[in-house]
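Visitor: From the sequence below, what's the structure:
(2 chains)
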Amino acid sequence: MGFAFNDEKRKQFDWLVTRYPTKQAALLPALRLVEAQAGGVSQEAMDYVAGELDLPPAFVYGVFTFYSHYRREGEGKHIVMVCQTLPCALKGACQIVDAFKEHLKLGVGETDAEKLFTLKKVECLGSCTTAPVAQINDDYFENLTPEKVRDIVLALKNNQMPPHISNGPSLEGGCKQWMPIVEAYPEGK
Amino acid sequence: MLVKDYKPILMDGAYKKGEWTLENYLKKGGYEMAKKVLAMPRDPATNNVPAMIDEVKKSNLRGRGGAGAPASMKWGFFDFKSKKQRYLTVNCDESEPGTCKDRVIVTYNPHLLIEGMLIAMHTMGIENAYIYIRGEYVVEFEHLVAAVAEAYKAGYLGKNVLGSGFNFQVTPHRGAGAYICGEETGLLSSLEGDRGYPKIKPPFPVVEGAWRCPTLVHNTQTLSLLPSIVRQGGETWAKLGPQKSPGPMVYCLSGHVKNRGLYEAPMLITMKELVYELGGGIQDDLALKAVIPGGSSMPVMKYNGSYVGTDGKEKTDSLDMQMDFDTLLANNSLLGSAAVIVMHERTCMVSACYNLVRFYHHESCGQCTPCREGTGWLEKLISRIYHGKGKPEDVDTLMSVAGQMSGTTICLLSDSCAMPVGAFVTKFREEFKYFCENGKSMVKDAIPL
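Guide: Numbers count the residues shown, from 1 in each chain, chains lettered A, B, ... in the order given. Here you go, the predicted model:
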């Protein structure tokens, strides 16, 4: 099963390539497009991107694995990233990690059999004044408590919109990536 | 002048949903300052606007990204003779633990940043700009994209902006989770589609940056202050706050205070006012123990007693210290990004130090041996102490390893790890010693970290 951009992602990709003086510079955004379309970045998709950008596949694997925030193929539908760095730790990040472990019945770094959840401990999410914080997929959950964690996990398990989302999805239709600019300024170079 | 009399510029409209739109920004007189700068004459020989460069020099604006260098210095070193393309890159990759101000600016005030960028681009003769925003900030990125799209539609960006004959293009670029991309050369490597590997300086980005072309890299907050400098004039703007650290600063107050949050204030505020007045005092009315004043890379201040400094003299840290660049430097710390992390008496300093060292080891890009290995050794050493297996000589070994990490690498990540470790061990030596000798924390009822 090969990977190829769908029409909407292709439109963004073609536009992105015109935004930089080299094709290579579109690599990080291109992997974001893959992630959004396929729900995770597979080796096949990386080979496809390497071909599109005239880069050696090994180079693309190297760049992809340098960064920690891309979704990898085989990870759960909901990626739970709990911040563990000092400002969060001071406000009880340990208890938040434990609460997620308990309610998800997962260890850190594990994915469940149904591929619904992946639990990760991550470094500073940049929301230190509202610690402790976790990011689930695109959304931040701030000022967490073990009780809030329980409610969030319950909602996600029941396929409902989780409570306590702090700042999103705030614009209509969720993240459309670069599409609004592509439409506003399509001419490129 | 105290904070209550100060009217915020950067945090204006913060936390108001829907405030980010162009319509709202125009109502507040938005883009008028960009228009004013666009009307200023350009010098054809250098293709820049000398009058505006002069204003920024007069304002004495210091970069808000952490180093606190005068913005005009970067502008002064910019290679105007080069025949290559010129670029502007906005550093919105804020990842320094404790710092969370840029996200509020781009979510609630993105047009302020875009106007600041327009001013910088026209002044420096730059047509292409990128906003490097960290990958985790999805909602923030969404707002930024929406605002840039609005600016293109309204003719504030694009071809022949406002009939000036100049083209200005801005592209938001999403990172993917790497602290090192906040370092300006690491950021440029990442922008070019590579691993976020920092590059040796010199050449500095202003001479050879993105795609080996002259590139201006500024923090989000620095650029967002430019419209206010144009509005007030450099000389008037420079009058707010201390003479050498003028203009507003956004303090990110986190940790064990009652009212955590972002506080925009002139840099006249003292540590005491920040923690006890704005912060409302210490959580659970416990005693204050320590404060990291400028993001996790900066040396910690000790507030539960005196300590013996590296020079062998007994010292105490003052709470009346004014929170500006130079006062903190004089007190052997740094203001950095003004991220103030407060710790109360139940915080074990060995555990806090372990947490930070783990962070730096995780985020080291691995290029330079002293950083790649040094952060690893430090983590192993502190981990051994933390798990009760420390040896008495470990405390000195920590200092020795940290001492060999500074100034030996391409970028400052190694120093950013060595600096806090040096300060933690020097100022709280008795806690480290106790942990090594007794296999447990000296702090009673220490909170789990």
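Visitor: Could you pull out the strands in the chain for me?
Guide: Answering for chain A, as no chain was given. Using DSSP state E, the strands of chain A run over residues A:78-83, A:117-122, A:134-136, A:139-141.
Visitor: actually it's chain B I care about, not the one you picked
Guide: Ranges of strands in chain B, per DSSP E, are B:87-92, B:128-133, B:169-174, B:215-219, B:248-255, B:261-266, B:288-292, B:301-302, B:307-308, B:314-315, B:339-344.
Visitor: now those as a markdown table including mean pLDDT, distance to chain A and mean neighbour count?
Guide: In this view, the C-beta of every residue, glycine as well, is placed from N, C-alpha and C. As requested, the strands of chain B are exported to a markdown table (pLDDT from 0 to 100; distance: least, C-beta to the nearest C-beta, whole Å; neighbours: other C-beta atoms under 10 Å in any protein chain shown):
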| stretch | mean pLDDT | distance to chain A | mean neighbour count |
| --- | --- | --- | --- |
| strand B:87-92 | 98 | 9 | 26 |
| strand B:128-133 | 98 | 8 | 24 |
| strand B:169-174 | 97 | 5 | 24 |
| strand B:215-219 | 97 | 12 | 26 |
| strand B:248-255 | 97 | 4 | 26 |
| strand B:261-266 | 96 | 5 | 22 |
| strand B:288-292 | 98 | 8 | 25 |
| strand B:301-302 | 97 | 15 | 22 |
| strand B:307-308 | 96 | 20 | 14 |
| strand B:314-315 | 94 | 24 | 12 |
| strand B:339-344 | 98 | 6 | 28 |
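Visitor: Tell me which of the strands of chain A sits nearest to residue B:242.
Guide: Closest approach to residue B:242 among these (C-beta to C-beta): strand A:78-83, 33.8 Å.
Visitor: Would you mind listing the buried residues in the closest one?
Guide: Across strand A:78-83, burial judged by 16 or more other C-beta atoms under 10 Å in any protein chain shown covers A:78, A:79, A:80, A:81, A:82, A:83.
Visitor: thinking again about what came up before, tabulate the strands of chain A (CSV), appending distance to residue A:35 and mean pLDDT.
Guide: Output for the strands of chain A, formatted as CSV (distance: least, C-beta to C-beta, whole Å; pLDDT from 0 to 100):
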stretch, distance to residue A:35, mean pLDDT
strand A:78-83, 11, 97
strand A:117-122, 14, 97
strand A:134-136, 15, 96
strand A:139-141, 16, 94
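Visitor: if we compare the ones you listed, which one ends up closest to chain B?
Guide: Closest of those to chain B is strand A:134-136, at 6.1 Å (criterion: C-beta to the nearest C-beta).
Visitor: in chain A, what residue is nearest chain B?
Guide: Residue nearest to chain B within chain A (C-beta to the nearest C-beta): residue A:69, separated by 2.8 Å.
Visitor: Which residue is the nearest non-sequential neighbour of that residue?
Guide: residue B:177 (2.8 Å; C-beta to C-beta, 6 or more residues apart in numbering or on different chains).
Visitor: Number of residues surrounding residue B:163?
Guide: Residues lying near residue B:163 (other C-beta atoms under 10 Å in any protein chain shown) number 8.
Visitor: what do you get for residue A:65?
Guide: Neighbour number of residue A:65 under other C-beta under 10 Å is 12.
Visitor: Please parse the chain into its domains.
Guide: Picking chain A for this. Per automatic domain parsing, the domain ranges recorded for chain A read A:7-72, A:78-157.
Visitor: actually it's chain B I care about, not the one you picked
Guide: For chain B, automatic domain parsing gives the domain ranges B:22-237, B:248-438.
Visitor: for the closest residue to residue B:299 other than its chain neighbours, what are its contacts?
Guide: Setting aside the residues directly before and after it, residue B:299 is nearest to residue B:423 in space (C-beta to C-beta, 6+ apart), at 3.4 Å. Counting by C-beta atoms under 8 Å, 6 or more residues apart in numbering or on different chains, residue B:423 touches B:299, B:300, B:332, B:333.
Visitor: what's the pLDDT at residue B:423?
Guide: pLDDT, residue B:423: 97.
Visitor: if you skip the residues just before and after it, what's nearest to residue B:137?
Guide: residue B:103 (5.6 Å).
Visitor: Please give me every residue in contact with the one you found.
Guide: A:126, A:127, B:94, B:137, B:140.
Visitor: go on, residue B:255?
Guide: Residue B:255 is in contact with A:86, A:87, A:90, A:91, B:340, B:341, B:342, B:343, counting by C-beta under 8 Å, 6+ apart.
Visitor: please redo it, this time with the cut-off set to 10 Å
Guide: Residues counted as contacts of residue B:255 (C-beta atoms under 10 Å, 6 or more residues apart in numbering or on different chains) are A:86-91, A:128-129, A:131, B:98, B:275, B:279, B:282-283, B:290-292, B:339-344, B:347, B:352.
Visitor: cool, and residue B:242?
Guide: So residue B:242 contacts B:266, B:267, B:268, B:322, B:323, B:324, B:325, B:326, B:327 (C-beta under 10 Å, 6+ apart).
Visitor: Hmm, residue B:267 and the fourth one touching each other?
Guide: The one in question is residue B:322. Yes. Judged on C-beta atoms under 10 Å, residue B:322 makes contact with residue B:267 at a distance of 7.1 Å.
Visitor: The two - which one has more neighbours?
Guide: Of the pair residue B:322 and residue B:267, residue B:267 is the one with more neighbours under other C-beta under 10 Å, namely 24 against 19.
Visitor: Chain neighbours aside, what residue packs nearest to the more buried one?
Guide: Leaving aside its sequence neighbours, residue B:267 sits nearest to residue B:324 (C-beta to C-beta, 6+ apart; 3.8 Å).
Visitor: for residue B:326, same thing?
Guide: Spatial nearest neighbour of residue B:326, excluding adjacent residues (C-beta to C-beta, 6+ apart): residue B:244 at 5.3 Å.
Visitor: distance between stretch A:62-76 and the chain's centre?
Guide: Its chain's C-alpha centre and that of stretch A:62-76 lie 9 Å apart, by C-alpha atoms, centre = their mean, to the nearest Å.
Visitor: Show the end-to-end separation of it, please.
Guide: 23 Å (C-alpha to C-alpha, to the nearest Å).
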